[in-house]
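In: missing the sequence, but the structure's below:
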């Protein structure tokens, strides 16, 4: 990887910015009726429209040059080949192997890992079919509810996907518990019957503090409700710690493993996806993998200038580093994608929220963007005011299906119209002259027009991308997720950082472990800062 590619090309890109500052997208569209054709592409029928960005052909040419000089193609090939690209943890990065549905060999340390992956997927499928058919039973017979207990990558992916694919549910009800806040598990336990519930404990080490606290609470709840000590039949585990799972009371046949070369936030494709498979069935789970592999193939084989995740990444770098836009909104016009932005927050911000490069030296430029968003027209009545007229420009991704899951009168036509209108409004804006004409036509007094007009002006020229796909089905969802994964990978390469570690989460965990005895009143530690000690004392006073 060229560690200075972005720095070297910055003068060229900044010159493009100066040129772009002299025009706007409205003018560029009016001058070029083929702009959409030039700045849109597709993958498996999914349209990616990036024409509503502050770009022209010369900008894109320089951005593609940046990708080449940064070594994007080389690092992409190294990742798929199983080479160690997670340098700080000395690991390969092979979540892509989990969706290698063609079974082509993937070699790590001289060993083809595909037989092990296929073995786990077969075991998951066998168990899922047994649960879904009622062949595997618990105290009260057939399982009606599944509770996935995990956090981070062991929760966000499965929770997002099962909600997104609700129309495909034909298995037990699925619930998700992640927060160590007792309210999370208490509210879930109140909804389910203990005798017909299966709990999935998702923790690679089987020591994750939040997860094991919730797991122990669930086990005690079952023991109390069922009036029996041995409740292991109500548990399955997603872990590599067989000693820990056995001690908890979970048989090996209900323990499904994964590997160090699968990062938590990239793990829904394997064992961590068990709750997804239980909800939608092994066949639909296979379609999710099929969609992801289609994105992998596109990423590997498509030239950079037409490569969707590469284009997503380059536009993100352009917006973040050259235009100076610090946040990125993800706005799916599908209510069932309400957890998609939350999922992408971890994928993107945990991956690329780094201040040092692979060489251990501080980065000379910004990395990552604050990712946020909410679905559909709800956002229009909440935060779109800031997006349209706020002082900061917020690039957006819009996502919309051509076909709805439900055919209910005009609902979908209105949804699509709103989605397209928002990206159009962000681009064209409304000038002061247009506002004056509009208010004059309404018969408003000239003095009132002068006062009101500035408030109704829209700056416009605000960038957005739009994904348009046929339907949000398992294959499409798998493809979307994988495209965003590869976007994050490409940006990490360009910024010269490691997208696959997450040391930033460790300090808070360590300090929390130190504080538990103080909070419980079992110890004192005067070495802590005055604020922390003051808060602990105030906490104890309020508890009395």
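Out: Perfect, I can see it now. Here the structure is a predicted model, which means the values were calculated and not measured. Numbering: from 1, shown residues only.
In: how near is the closest residue to residue 402 other than its chain neighbours to residue 536?
Out: Once flanking residues are discounted, residue 402 sits nearest to residue 470: 5.3 Å by Cβ to Cβ, 6 or more residues apart in numbering. Yep, even glycine has a C-beta here, placed from its N, CA and C like the rest. Using Cβ to Cβ, to the nearest Å, residue 470 is found at 55 Å from residue 536.
In: more neighbours: which of the two?
Out: Higher neighbour count among residue 470 and residue 536: residue 536, with 17 against 14, using other Cβ atoms under 10 Å.
In: residues making contact with the helix or strand harbouring that one?
Out: In the assignment (DSSP states H and E), residue 536 maps to helix 530-543. For helix 530-543, contacts defined as Cβ atoms under 8 Å, 6 or more residues apart in numbering pick out 515, 518, 519, 521, 525, 526, 528.
In: just those residues now: which is nearest residue 32?
Out: Set against residue 32, the nearest of the contacts of helix 530-543 by Cβ to Cβ is residue 515 (59.5 Å).
In: give the contact list for the closest one.
Out: 528, 532, 536.
In: next, count neighbours for residue 366.
Out: 14.
In: that older thread, isn't the residue nearest to residue 402 right up against residue 401?
Out: Yes. Residue 470 is in contact with residue 401 according to Cβ atoms under 8 Å; the separation is 6.8 Å.
In: what's the overlap in contacts for these two?
Out: Common neighbours of residue 470 and residue 401 (Cβ under 8 Å, 6+ apart) are residue 476.
In: can you tell me the closest non-neighbouring residue to residue 137?
Out: Closest to residue 137 by Cβ to Cβ, 6+ apart is residue 143, at 7.3 Å.
In: wait, the one you found sits on residue 136?
Out: Yes. Between residue 143 and residue 136 there is a contact under Cβ under 8 Å: 7.2 Å.
In: of the two, who's got more company?
Out: residue 143 (22 against 19).
In: contact partners for the residue nearest to residue 137?
Out: Neighbours of residue 143 in contact, by Cβ under 8 Å, 6+ apart: 131, 134, 136, 137, 172, 196, 197, 198.
In: residue 398 belongs to a strand, doesn't it?
Out: Yes. Under DSSP: H, G, I helix; E, B strand; the rest coil, residue 398 falls within a strand.
In: which residue, other than its chain neighbours, is closest to it?
Out: residue 466 (4.5 Å).
In: repeat for residue 353
Out: Using Cβ to Cβ, 6+ apart, the nearest residue to residue 353 is residue 368, at 4.7 Å.
In: cross-check the contact I'm expecting between residue 367 and residue 497.
Out: Yes. Counting by Cβ under 8 Å, residue 497 is a contact partner of residue 367 at 6.0 Å.
In: who wins for most neighbours among the contacts of residue 143?
Out: residue 197 (27 neighbours).
In: if we can go back for a sec, neighbours around the residue nearest to residue 398, how many?
Out: Quick note: residue 466 (other Cβ under 10 Å) scores 22 neighbours.
In: enumerate every residue touching it.
Out: Residue 466 neighbours (Cβ under 8 Å, 6+ apart): 47, 48, 49, 52, 397, 398, 399, 400, 419, 420, 423.
In: quick one, phi psi at the first one?
Out: Geometry field for residue 47 lists phi and psi as phi -90, psi 130, criterion degrees, to the nearest 10.
In: against residue 37, how distant is the residue nearest to it when sequence neighbours are not counted?
Out: Residue nearest to residue 47 in three dimensions, not counting chain neighbours: residue 468, with 4.3 Å by Cβ to Cβ, 6+ apart. To residue 37, residue 468 is 15 Å away according to Cβ to Cβ.
In: also residue 175?
Out: Residue 175 is 46 Å from residue 37, where distance means Cβ to Cβ.
In: who has more neighbours, those two?
Out: Counting neighbours by other Cβ under 10 Å for residue 175 and for residue 37 shows that residue 175 has the greater number, 21 against 10.
In: in a helix, that's where the more buried one is, yeah?
Out: No. Assignment of residue 175 by three-state DSSP gives strand, placing it outside any helix.
In: so what's it up against?
Out: 145, 146, 147, 148, 188, 191, 192.
In: check residue 194 too.
Out: Residue 194 touches 139, 140, 221, 222, 225, 226, 234, counting by Cβ under 8 Å, 6+ apart.
In: among those residues, name the buried ones.
Out: Among the contacts of residue 194, those buried by neighbour count (16 or more other Cβ atoms under 10 Å) are 139, 221, 222, 226, 234.
In: where does the first one land on pLDDT?
Out: pLDDT, residue 139: 97.
In: just list the residues touching the residue lying closest to it once chain neighbours are set aside, thanks.
Out: Setting aside the residues directly before and after it, residue 139 is nearest to residue 195 in space (Cβ to Cβ, 6+ apart), at 4.7 Å. Counting by Cβ under 8 Å, 6+ apart, residue 195 makes contact with 138, 139, 140, 141, 225, 226.
In: what lies in contact with stretch 491-510?
Out: 1, 3, 5-6, 66-67, 70-72, 75-76, 85-89, 91, 93, 209, 263, 313-314, 316-317, 350-354, 356-359, 363, 365, 367-368, 488-489.
In: strands of the stretch 51-200 of the chain, start to end?
Out: 84-86, 91-92, 107-108, 111-112, 137-138, 141-142, 145-149, 173-177, 197-202 (DSSP state E, counting those that start in this stretch).
In: what does the stretch 351-500 of the chain give?
Out: So, for the stretch 351-500 of the chain - with DSSP E, counting those that start in this stretch - the strands run 370-372, 396-401, 464-469.
In: coming back round to it: overlap in contacts, residue 367 and residue 497.
Out: 352, 354.
In: okay, now the unreliable bits of the protein?
Out: Within the chain, the stretches with pLDDT under 70 are 1-4.
In: mind listing what's buried in stretch 522-535?
Out: Buried, per 16+ other Cβ under 10 Å, within stretch 522-535: residue 528.
In: rewinding a little: which of the contacts of residue 515 sits closest to residue 215?
Out: Among the contacts of residue 515, and counting by Cβ to Cβ, the member closest to residue 215 is residue 536, at 27.2 Å.
In: residue 173 - nearest residue in space that isn't next to it in sequence?
Out: That would be residue 145: by Cβ to Cβ, 6+ apart, it lies 4.8 Å from residue 173.
In: contact partners of the host helix or strand of residue 8?
Out: Secondary structure from DSSP H and E places residue 8 in helix 5-20. Contacts to helix 5-20, defined as Cβ under 8 Å, 6+ apart, come from residues 2, 54-56, 58-59, 62-63, 65-66, 69-71, 317-318, 321-323, 364-365, 494-496.
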